[in-house]
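Undergrad: 3D model of this:
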Amino acid sequence: MNLQDIEKYDLGDFYHTDSDNPVYPGADFTTWKANMASVFGLFEPSLAAGPAPRTQLATRAGKQSVINLTSYNYLGLAQHPEVVQASIEALKAFGTGACGSPMLSGMTVLHRELESSLASFAQREQALLFNSGNAGAIGMISAMLRRGDVAVMDEHSHICLIEGAKLCGAKLQMFAHNDASDLDRILEKNKGCRRVVIIEALYSMHGDFADLASLVPVARNHGVDVVLDEAHSILAVGANGRGAAELYGVEGDVALSYGTFSKAFGNIGAYLAGADEALDYIRFYANTYVFSVALPPAVVAGVKAALEVATRDNDLRVRLHDNADYLRSALHSLGISTGSSNSHIVPIVLGSGRRLLYELTHELREQGLFVAPVDYPSVPEDQLRFRACVTSAHTKSDLDDALNIIEDVVVPRLRARAC
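TA: Model prediction:
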């Protein structure tokens, strides 16, 4: 492996390059990327099968069988026979695409049925569909806020939430992670402005929940509405799968609930649920909704079927959290930190050392374990990690085999570094 300069530079160093032409990055980035070929080769891997607990990677040598701890398919619904069959039937009836904006011709009766089902599920008056999670978050925020408004977010918030606020020119104010007193300070400082608190329910790089029990009352005391991004928590937590708001008993204090279909639903797209008055407005001002083609009918049918399967009972969620607890406890017994994780997202924290992160990624894949490396600036430079995503479809055998590989590959390197 050629890991030249891996400790010296990262992607942040090339945000501004030496190029006079904005179309091309310039010699500094091009040379660095060439030197880092073995690292860049770890990104955008190609699956040769679906996002199942055991899948296959397409490599230059052929197909490699791996234990998959990278997938957002938290409830295993991407392969559920009822979900697959619903998509097949819609594909036959409606064809491959919606072929039109929702505003003009892209909506079908399936879209309306899903909107109604989601509104009922979320216990809201209305639901609005987006064709991707990233676009939905950017669209809803930029539709709500204007220049001079204040978007208040946790410092660990996802980039799509931040970009939504920047797009509309709102003032972005970040409070310390899960710190209710800092949220109170920022809301007080911006008193007199139109403000909204936007919270990510479950933080995807850290695996910890937002402290909604502390944060939501602060917003309520200031008379400020809360928008909750349930991307990684919807369907996956709560007695009825309604996410972290249900888990922490604050559903009545959340004005807008946002969720994606690309995680526990096992599909693609997103939705926003809330009062008629709010969503009637957002429909016309969310550019990523108005000027995008609607979700394909086959996707819509699959999402609706996934919702029906996941809300039939609580079995999939119980299995998911049993698996997460099992993996986290076993990692602790091996002396590996999982940070602040208390969910089905279980970080394997290595600390500092970019070279170690990427060398271990290669070694783990060679041994048949597929985990995602997380580098700076996604996490601090002294908290580099692997992100392990557990699903309800994993068996204890899957997890034990993964843990054996981690014990053989990761543990000795961490112990050697500590000496």
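Undergrad: Assumed Phe386 was part of a strand.
TA: Yes: per DSSP: H, G, I helix; E, B strand; the rest coil, Phe386 lies within a strand segment.
Undergrad: for stretch 334-341, how far is the first residue from the last?
TA: 16 Å (C-alpha to C-alpha, to the nearest Å).
Undergrad: Could you do stretch 203-210 as well?
TA: 7 Å.
Undergrad: Relative to the whole chain's centre, how far out is it?
TA: Computed by C-alpha atoms, centre = their mean, to the nearest Å, the chain-centroid distance of stretch 203-210 equals 10 Å.
Undergrad: let's have the chain start at 309 instead
TA: Done: numbering now begins at 309, and the last item shifts to stretch 511-518.
Undergrad: Okay, and Lys474 sits in which element?
TA: helix 467-475 (DSSP states H and E).
Undergrad: And that helix, what's buried?
TA: Within helix 467-475, the residues scored as buried using 16 or more other C-beta atoms under 10 Å are Cys468, Leu469, Ile470, Gly472, Ala473, Leu475. Heads up, the C-betas are built off the backbone N, CA and C, glycines and all.
Undergrad: Show me the strands in the stretch 409-558 of the chain, by range?
TA: For the stretch 409-558 of the chain, the strands defined by DSSP state E, counting those that start in this stretch cover 434-438, 458-462, 479-483, 503-508, 534-537.
Undergrad: Convert the fourth one to CSV, retaining C-alpha atoms only.
TA: As requested, C-alpha coordinates have been extracted for strand 503-508 and formatted as CSV (Å, rounded to 0.1, in the frame of the first residue of the first chain):
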residue,chain,number,x,y,z
ARG,A,503,-36.0,31.1,15.4
VAL,A,504,-36.3,27.4,14.9
VAL,A,505,-34.5,24.5,16.7
ILE,A,506,-33.5,21.7,14.4
ILE,A,507,-32.4,18.5,16.1
GLU,A,508,-31.0,15.3,14.7
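Undergrad: quick one, the helix holding Lys474 and strand 458-462 angle?
TA: 160 degrees (axes from the mean of the first three to the mean of the last three C-alpha atoms, to 10 degrees).
Undergrad: could you give the angle of helix 467-475 to strand 503-508?
TA: On the basis of the same axes, to 10 degrees, helix 467-475 is oriented at 160 degrees to strand 503-508.
Undergrad: any residues touching helix 467-475, and which ones?
TA: Contacts with helix 467-475, where a contact means C-beta atoms under 8 Å, 6 or more residues apart in numbering, come from 441-442, 445-450, 453, 459, 461, 480, 506, 508, 537.
Undergrad: try 6 Å this time
TA: The set of residues external to helix 467-475 that reach it, using C-beta atoms under 6 Å, 6 or more residues apart in numbering, is Asn442, Ala445, Ile446, Ile449, Ser450, Ala459, Met461, Leu480, Ile506.
Undergrad: on that earlier part again, quick check, nearest of the buried residues of helix 467-475 to Tyr382?
TA: Set against Tyr382, the nearest of these by C-beta to C-beta is Cys468 (19.1 Å).
Undergrad: Return the distance of the closest one relative to Ile449.
TA: Plainly put, Cys468 is 9 Å away from Ile449 if you go by C-beta to C-beta, to the nearest Å.
Undergrad: Return, as residue ranges, the portions of this structure with sub-threshold pLDDT.
TA: Regions of the chain meeting the criterion pLDDT under 70 cover residues 309-315.
Undergrad: Give me the domain ranges for it.
TA: The chain breaks down into these domains under automatic domain parsing: 356-384+622-726, 388-618.
Undergrad: Just name the most buried of those.
TA: domain 388-618 (a mean of 20; mean count of other C-beta atoms under 10 Å).
Undergrad: Touching the host helix or strand of Leu722 from outside, list them.
TA: Applying DSSP H and E as the criterion places Leu722 in helix 704-726. Helix 704-726 is touched from outside by Pro361, Ile375, Leu635, Ala638, Leu642, Leu668, Glu671, Leu672, Gln675, Leu677, with contacts defined as C-beta under 6 Å, 6+ apart.
Undergrad: Of those residues, which is the nearest to Asn595?
TA: Using C-beta to C-beta, Pro361 comes nearest to Asn595 of these, at 38.2 Å.
Undergrad: and Trp577, what is it in contact with?
TA: Let me fix one detail, which is that residue 577 is Gly and not Trp. Contacts of Gly577 by C-beta under 6 Å, 6+ apart are Asn439, Phe569, Leu603.
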